[in-house]
Structure formats: structure tokens, C-alpha cells
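Peer 1: predicted structure and sequence below. I'll ask about it afterward.
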Protein chains: 2
Amino acid sequence: MELITLNSTIETLLNHRSIRKFTQKPLTREQIETIVESAQMASTSSFIQAYTIIGVKDEAKKAKLAELAGNQPYVEHNGHFFVFCADLHRHKTAGSMENTDVTASIESTEKFLVAAVDAALAAQNAVIAAESMELGICYIGGLRNDIEAVGELLNLPDYVIPVFGLAVGEPAAESSIKPRLPLTHIYHEDSYERNEKAFTKGLEEYNSTISAYYDLRTAGKRKDRWTEQMAGMLKEPKRLHMKGYLEKKGFMKH
Amino acid sequence: MELITLNSTIETLLNHRSIRKFTQKPLTREQIETIVESAQMASTSSFIQAYTIIGVKDEAKKAKLAELAGNQPYVEHNGHFFVFCADLHRHKTAGSMENTDVTASIESTEKFLVAAVDAALAAQNAVIAAESMELGICYIGGLRNDIEAVGELLNLPDYVIPVFGLAVGEPAAESSIKPRLPLTHIYHEDSYERNEKAFTKGLEEYNSTISAYYDLRTAGKRKDRWTEQMAGMLKEPKRLHMKGYLEKKGFMKH
């Protein structure tokens, strides 16, 4: 594809790679506020703004989060660490202020989905803002390994859960752009691709791409196929506490 | 805040407003591909890429989707219409290709959350790419009003659900930037704000901001408070079919 539509924003988007090593240079207050304000301008379902962002600065808390996330050092060592939470506690309060019982609504699966999507849209805006300032980022799903402990550490009330973390900072190590699935595998027109043969063939082609990527990066030590990675990762279900935790915090009751 | 960190990408982020009226000028193939490629470069949990994007071009399907979304004309009339789907069908296939049973994993609440977040991160990159090209966008949560019919219309297999739509096109009407919650209400440091008095006071201040916004825009006809809007919207739970539909499609069984 010839990118005559390329502009500096699209360059930033296409140039994304996760950074897992940061300098210790803290973000300035201005950088933090620009990132949060950018996050806030993301679309939000019916203006619900169903998320909260916790910036973690306390060193002991950061060390604890790094441990809870499975000893990921970049959770502790970075320029700033954000936790994006799905939040309907604010709406419970809004209901009280208006003498309206909103409980059945905020306890629905629909509204949990809305809150999780709202948090993700805001986070991705935060990421683009950070990357446009030449900072690096890494999402931290590992916060869900022991999500209850993370929720307690951050003092989250009912109707609030941490969805993921986001480490941001000045990159201290290079990393490379990982090739994505073929566009034709992600993007269909008018109808889902139900031809299993074409579907499988697309994955086989992508396997070759990914194998070659690892082969080159590791000087022949790794040649994983994508389907092999996925099968390995998905062989055993993980974080089976999620359903119970969500219900305990008030979400997805019906 | 003085925005000395402002760059053209952050300008795009901060300048967002939803557009609900588009010209009929269709996106070019190049614009569509740039948007999808930008979406694909978003972060994805453990490289799982658990989403699919369906571009709807068929006029009859677009008209049907507009009807299903609650007669929203901009679902039908736009430059292009995307549907972002959470997708673990691809991973079921990947498991089969590797002779690995991944069922228990993809049926977990954890993996549904991963897929929904993946779809949202990709969508927000698509939005930023589109807006950087001076196109307007509107997310369409209304696709979940009758999510089963939407899924059938797009021929989605098990382990795939439409999360939301995205209308994109050349703006045909102005709209204004809606003021978000105060930064101090969205962003906390080290711990969630559990002081209910301060929390409520923040919402009251925001109510004044939102009332003034509507007052100005409608020449005094509307002065809704934000908490009033939220209480009104959340009074009756909506889309209570979501839990059953998700389970029927294979998601969130445990």
C-alpha cells in the first residue's frame, strides 16, 4: 500500500512497539496532565465516563504491583505508572445525588462492558499522547493475576475494578515492531469470513511471517508460529477468579 | 494548564467531538486500509489480536443496521461503517491447527474481557487515524440493542460478537467539544478518592459546568446536570439480553 495518507499522527500509530525498559526519569506534572486530558477526550458511551485512572507514585506500592503482576520490573521502574479502572461507583453516587436507584443498571453485564470499553478507549488515547511525546509504553494485563490484591492496594470501592496497568517512560532499550495478522484476516467486508479453508490458509501464511520475524530477531534460536504461541498460551485457562471477582465487586450480576 | 507539550497528534486527541452527520463521500480504499492498519498496530494482550473488523458496504445491510441501532441515520449515511467484534474464533482455529483444546480458556470471563479490550484499543487507533485525516467519527453502541440480529446479519460464528459500530466520514455538520469530568475526578494518585464529601463536591462542580454548556448551546432550553443525565439513563437497566447472548456465543461461561 502506498501511504499517501501518511501524516505524523498515523506515523506515530504505525510506529508502535511496546517498551519494557525505561530510564528512571519521571514524567513531569505537565506530561502526566497532558496524557490524562488526552485520555479524557476519548469517546465515551452516552457520556458515561465510566473509568478512573490511578497514577501510582508511591515506591512501595509500585514494588508491590510489580510483584503482583508476576515480577515485571518495568511496572516498578518507569517514568510513571497508571492503572486504568472500570468505574461505576461514580454513577452510584450520581444516582444518590438524584434520589434514583441505579443499582440494577450498573450491575448489568451491559454496563460492565461499557465501563471496560470506556477505560480501554481512554487508555489508548493516553498511549497515543505519550508516544507522540516520544515516550514509550507497555500495557500490564498482569495486574489481573491477583486482581483482588491490586484492588485492595489501590483502595477501590465496589463497582470499580482495575482493568490493566500502563507503564510509561523514556525508552531505555530498543524494541521492534511486531508484524500483525494480515489485513485480510482482521478486516472483512459485509460478512465474516466463514470459509474455513481460506481462514486457515491466512493463519498459515501469518505463521510463516511470525516464524521469520523470530528467526531474524533471535539469530535462529526461536521460530515460533503464531498459532503455536496461541495454543501454548490458551492450553490452560488462566485467571479463573475473574468472574467471581467481578460479581463480588458488583458487576455482571445479570 | 499551559500546553507546551502540544503537538499535532495531541491537538487531534484534544479536538475530538462525535460527528453525527456525514457527507455521502465514500472513504477511498486507501483511507480504509490506513485506518485498519492503524487499528492493527494498537497494543494487544499477549499478541492475541482477539478482534475482527467488518466494514459494511452493502446498502441494505447498512439500512438494516441503522434500524437495529434505533433508527440512527448516520449508521446508514456515512463514508464508511465499521463493526468492531471481539473475536476468539480465530484462536479456536489456531488451537485446532496445533491439536490443542483451547475451549476452557476462550470460554473464560478473563478472555472475553481481553477480547473486548483488544477490540476497543484497535478501534480507538482507527478513530485517531481517521480524525488525523480530518474525517469525523461516531461510535455506535446501539448495535447492542439487538445484538443477536446484528451478529446474524454479519454472519458471525461462535466466539465472535459485535461490540460496537463506528461510523466514519467527511463531517457535514459542526458539533462542539463536550467538557469532560474535572481531571481531579478521573485521576487520583496512589489510592482511590474515598472521601465521599470531596467526591460529591467534584460532581456538583461538574454539574455546573455541564448545565452551563447546555444552557449556552440551546439558548437556555436545556440545563441538564450531568448527574441528572446519568440518573435518567441508568434508572432502568438496558440490554439485559447481553449476559445470555454472550454465554450463547461461548463467552464468559466461567
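Peer 2: Good, I have the coordinates.
Peer 1: which stretches of the stretch 51-200 of chain A have low pLDDT?
Peer 2: Applying pLDDT under 70 to the stretch 51-200 of chain A picks out no residues at all.
Peer 1: can you pull out the helices in it?
Peer 2: A:59-68, A:73-76, A:89-97, A:103-106, A:109-132, A:147-153, A:183-186, A:196-217 (DSSP state H, counting those that start in this stretch).
Peer 1: for B:Glu170, find the nearest of those.
Peer 2: helix A:109-132 (22.4 Å; C-beta to C-beta). Where you see a C-beta, it was placed from the backbone N, CA and C, and this is true even at glycine.
Peer 1: chain center to that closest one: distance?
Peer 2: Its chain's C-alpha centre and that of helix A:109-132 lie 8 Å apart, by C-alpha atoms, centre = their mean, to the nearest Å.
Peer 1: same question for stretch A:208-216.
Peer 2: Distance, stretch centre to chain centre, for stretch A:208-216: 25 Å (C-alpha atoms, centre = their mean).
Peer 1: can you give me the buried ones in it?
Peer 2: Buried residues in stretch A:208-216, counted by 16 or more other C-beta atoms under 10 Å in any protein chain shown: A:Ile210, A:Ser211, A:Tyr213, A:Tyr214.
Peer 1: separation between the second one and A:Gln229?
Peer 2: When C-beta to C-beta, to the nearest Å is the yardstick, A:Ser211 and A:Gln229 sit 10 Å from each other.
Peer 1: list the contacts of A:Tyr74.
Peer 2: A:Ile19, A:Arg20, A:Lys21, A:Phe22, A:Ala66, A:Cys138, A:Ala167 (C-beta atoms under 8 Å, 6 or more residues apart in numbering or on different chains).
Peer 1: state the number of residues packed around the nearest residue to A:Glu189 once chain neighbours are set aside.
Peer 2: With sequence-adjacent residues excluded and distances taken as C-beta to C-beta, 6 or more residues apart in numbering or on different chains, A:Glu189 is closest to B:Gly55, at 4.8 Å. Other residues near B:Gly55 number 18, with proximity taken as other C-beta atoms under 10 Å in any protein chain shown.
Peer 1: equivalent analysis for A:Glu236, please.
Peer 2: Using other C-beta under 10 Å, A:Glu236 is surrounded by 10 other residues.
Peer 1: is it true that it touches B:Thr103?
Peer 2: No: counting by C-beta atoms under 8 Å, A:Glu236 does not reach B:Thr103; the two are 11.6 Å apart.
Peer 1: domains in chain A, by residue range?
Peer 2: As assigned by automatic domain parsing, chain A contains the domains A:11-176, A:183-223.
Peer 1: give me whichever of the ones you listed is most buried.
Peer 2: For these, the largest average neighbour count (mean count of other C-beta atoms under 10 Å in any protein chain shown) is found in domain A:11-176, namely a mean of 21.
Peer 1: before we move on, the earlier item: so the residue nearest to A:Glu189 bridges to which residues?
Peer 2: A:Glu189, B:Phe82 (DSSP bridges).
Peer 1: for it, give its distance to B:Arg29.
Peer 2: For B:Gly55 relative to B:Arg29 (C-beta to C-beta), the value is 10 Å.
Peer 1: can you check A:His77 too?
Peer 2: 44 Å.
Peer 1: what do you get for A:Tyr51?
Peer 2: With C-beta to C-beta as the criterion, A:Tyr51 and B:Arg29 are 35 Å apart.
Peer 1: go on, A:Thr209?
Peer 2: Taking C-beta to C-beta as the measure, A:Thr209 falls 23 Å from B:Arg29.
Peer 1: same question, A:Ala130
Peer 2: Per C-beta to C-beta, A:Ala130 is found 31 Å from B:Arg29.
Peer 1: swap in A:Glu205?
Peer 2: 21 Å.
Peer 1: just the pLDDT at A:Thr5, thanks.
Peer 2: We have a pLDDT of 63 for A:Thr5.
Peer 1: now do A:Ser43
Peer 2: Note on A:Ser43: pLDDT of 98.
Peer 1: test of understanding: give the bridge partners of the nearest residue to it once chain neighbours are set aside.
Peer 2: Closest residue in space to A:Ser43, ignoring its immediate chain neighbours: B:Tyr139 at 4.9 Å, by C-beta to C-beta, 6+ apart. When assigned by DSSP bridges, B:Tyr139 has beta-bridge partners B:Leu166.
Peer 1: B:Tyr139 contacts B:Val163, doesn't it?
Peer 2: No: in this structure B:Tyr139 lies outside contact range of B:Val163 using C-beta under 8 Å: 9.8 Å.
Peer 1: report the contact partners of the most centrally placed residue in chain A.
Peer 2: The residue lying closest to the centre of chain A (C-alpha atoms, centre = their mean) is A:Tyr139, at 4.8 Å. Counting by C-beta under 8 Å, 6+ apart, A:Tyr139 touches A:Ser18, A:Ala123, A:Val127, A:Phe164, A:Gly165, A:Leu166, B:Ser43, B:Ser45.
Peer 1: at 7 Å instead, please
Peer 2: Contacts for A:Tyr139 were tallied using C-beta atoms under 7 Å, 6 or more residues apart in numbering or on different chains; they are A:Phe164, A:Leu166, B:Ser43.
Peer 1: ok, those vs B:Glu107, which is closest?
Peer 2: For those, the nearest to B:Glu107 is A:Phe164 (21.0 Å; C-beta to C-beta).
Peer 1: surely that closest one is in contact with A:Ile140?
Peer 2: Yes: assessed by C-beta atoms under 7 Å, A:Phe164 is found in contact with A:Ile140 at 5.9 Å.
Peer 1: coming back round to it: and which of the buried residues of stretch A:208-216 is nearest to A:His254?
Peer 2: Using C-beta to C-beta, A:Ile210 is the member of the buried residues of stretch A:208-216 that lies nearest A:His254, at 40.7 Å.
Peer 1: skipping its backbone neighbours, what lies nearest that closest one in space?
Peer 2: A:Trp226 (4.4 Å).
Peer 1: neighbours around that neighbour, how many?
Peer 2: 25.
Peer 1: you'd agree it is up against A:Ser208?
Peer 2: No: using C-beta under 7 Å, A:Trp226 is not in contact with A:Ser208, being 9.6 Å away.
Peer 1: between those two, which contacts overlap?
Peer 2: Contacts common to A:Trp226 and A:Ser208, judged by C-beta under 7 Å, 6+ apart, are absent.
Peer 1: which bits of the stretch 151-254 of chain A sit near chain B?
Peer 2: A:154-157, A:160, A:163, A:178, A:180-181, A:183, A:186-192, A:194, A:199-200, A:203, A:227-231, A:233-240, A:242-243, A:246, A:252, A:254 (C-beta under 7 Å from any C-beta of the partner chain).
Peer 1: in strands, which of the residues you listed fall?
Peer 2: Within those, residues falling in strands by DSSP state E are A:Val160, A:Val163, A:Tyr187, A:His188, A:Glu189.
Peer 1: what sits against the third one?
Peer 2: Contacts for A:Tyr187 (C-beta under 7 Å, 6+ apart) come out as B:Val36, B:Ile53, B:Gly55.
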